[in-house]
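Student: Have a look at this prediction, sequence included:
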Amino acid sequence: MTASRSPFLAAFALPLALALSACGSGAEETGSLEGEPIAEVPAPEGQQWSDVVTVTESDGYLLGNPDAPIKVMEYASLTCPACAAFAQDGADQLKEEYVNTGRVSFELRNQIHGPHDLMLAQLVRCGADETYHPLSDQVWKNLQSVLGPVFEREQQFQQALALPEDQRFVAAADVAGFYDFFAARGISEDQARSCLADFAAMTTIADNSTQQSNDLGVTGTPTFFVNGSKLDAVNRWQDLEPVLQRAGAR
């Protein structure tokens, strides 16, 4: 076993019933954020800033103006109810009222909370870069129905994970009903199967999650950073929006 694969394989040791316990951030704030009002920045002709996606060197998906003076980054788990609550309550407002002004960018990074979470993180990457945020939001907005079959068929799911590397996630997604969910949202079953057979790509996602979480002290999700400062006890839109306004998004 190589060092790069050990964090990935450790994900299988996490019982599904415990995967949700990683939700909730214990982050500490590392700096104050105060600024004068910032002027809006026009989007490229024929686009809104919320149409512009850049994949960062850290495998984050940055939505909006890459040079925005206010940079929001969220570490999120696709199986986390608190992340789902943020997606339902604030993600649309963040994109429409802040990202579209060009003042704010929004980078989303995955923290992996188990094999089912890893599979979802790979599936939201299966389409064009521009579909990553909408597909992630769709998972969160339908979280109960997405995760229900995983827990109801846990024994079958674990049996699938014991298959060879290029088969295990392909089979587990069938047990979980993920193919139908993503097919209804533009990712064909053949496309999804091909993505889930790419063990190396999934190892990279898991290893990035482990390394970045360790480096940045991300102990739970959602964890928000604004301009590099990790925010304390901010996991709801009503807590994040005032931070953006004080930083100049007003």
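Tutor: Structure received.
Student: okay, CA-based contacts and neighbour counts for the rest of this
Tutor: OK.
Student: Find the residue closest to the residue of the chain positioned farthest from its centre in space, skipping its chain neighbours.
Tutor: In the chain, residue 36 marks the outermost C-alpha relative to the chain mean, sitting 30.3 Å out by Cα atoms, centre = their mean. Leaving aside its chain neighbours, residue 36 sits nearest to residue 248 (5.1 Å; criterion: Cα to Cα, 6 or more residues apart in numbering).
Student: before we move on, what about residue 193?
Tutor: Nearest to residue 193 is residue 170, by Cα to Cα, 6+ apart, at 5.5 Å.
Student: you'd agree that neighbour is up against residue 191?
Tutor: No - the criterion here is Cα atoms under 8 Å, and residue 170 misses it with residue 191 at 11.0 Å.
Student: Would you mind giving both backbone torsions of residue 195?
Tutor: phi -60, psi -40 (degrees, to the nearest 10).
Student: Tell me, what's the model's pLDDT at the closest residue to it other than its chain neighbours?
Tutor: If the residues on either side of it in the chain are set aside, residue 195 comes closest to residue 126, at 6.2 Å by Cα to Cα, 6+ apart. What the model reports as pLDDT for residue 126 is 98.
Student: Same check on residue 233?
Tutor: So residue 233 comes in at 85 (pLDDT).
Student: Which is the succeeding secondary structure element to the lengthiest helix in the chain?
Tutor: Using DSSP state H to assign secondary structure, the helix with the most residues in the chain is helix 199-216. Counting by DSSP states H and E, the element after helix 199-216 in chain order, helix or strand, is strand 223-226.
Student: so how far is that following strand off the chain centroid?
Tutor: 13 Å (Cα atoms, centre = their mean, to the nearest Å).
Student: ok so, going back, could you grab the helix/strand/coil label for the residue farthest from the centre of the chain?
Tutor: coil (DSSP: H, G, I helix; E, B strand; the rest coil).
Student: swap in residue 109?
Tutor: Quick answer, by three-state DSSP: residue 109 is strand.
Student: That one: what's it in contact with?
Tutor: 59, 60, 61, 73, 74, 75, 76 (Cα atoms under 8 Å, 6 or more residues apart in numbering).
Student: The third one reaches residue 55, doesn't it?
Tutor: Yes - Residue 61 sits in contact with residue 55 when judged by Cα under 8 Å, with a separation of 4.7 Å.
Student: Which of those two has more residues huddled nearby?
Tutor: Shown here are residue 61 and residue 55; by other Cα atoms under 10 Å, residue 61 has more neighbours (22 against 14).
Student: Now do the contacts for that one.
Tutor: By Cα under 8 Å, 6+ apart, the contact list for residue 61 reads 53, 54, 55, 107, 108, 109, 129, 132, 133.
Student: partner residues bridging it?
Tutor: Beta-bridge partners for residue 61, by DSSP bridges, are residue 55, residue 108.
Student: For residue 93, what are phi and psi?
Tutor: Dihedral angles for residue 93 - degrees, to the nearest 10 - are phi -70, psi -40.
Student: Helices of the chain, residue ranges please.
Tutor: Ranges of helices within the chain are 6-10, 81-89, 91-93, 115-123, 132-141, 143-152, 154-161, 165-176, 178-183, 189-196, 199-216, 237-246, based on DSSP H.
Student: tell me, which of the ones you listed is the model least confident about?
Tutor: Note on the helices of the chain: helix 6-10 shows the lowest mean pLDDT, a mean of 44.
Student: Having no further points to raise, I will conclude here.
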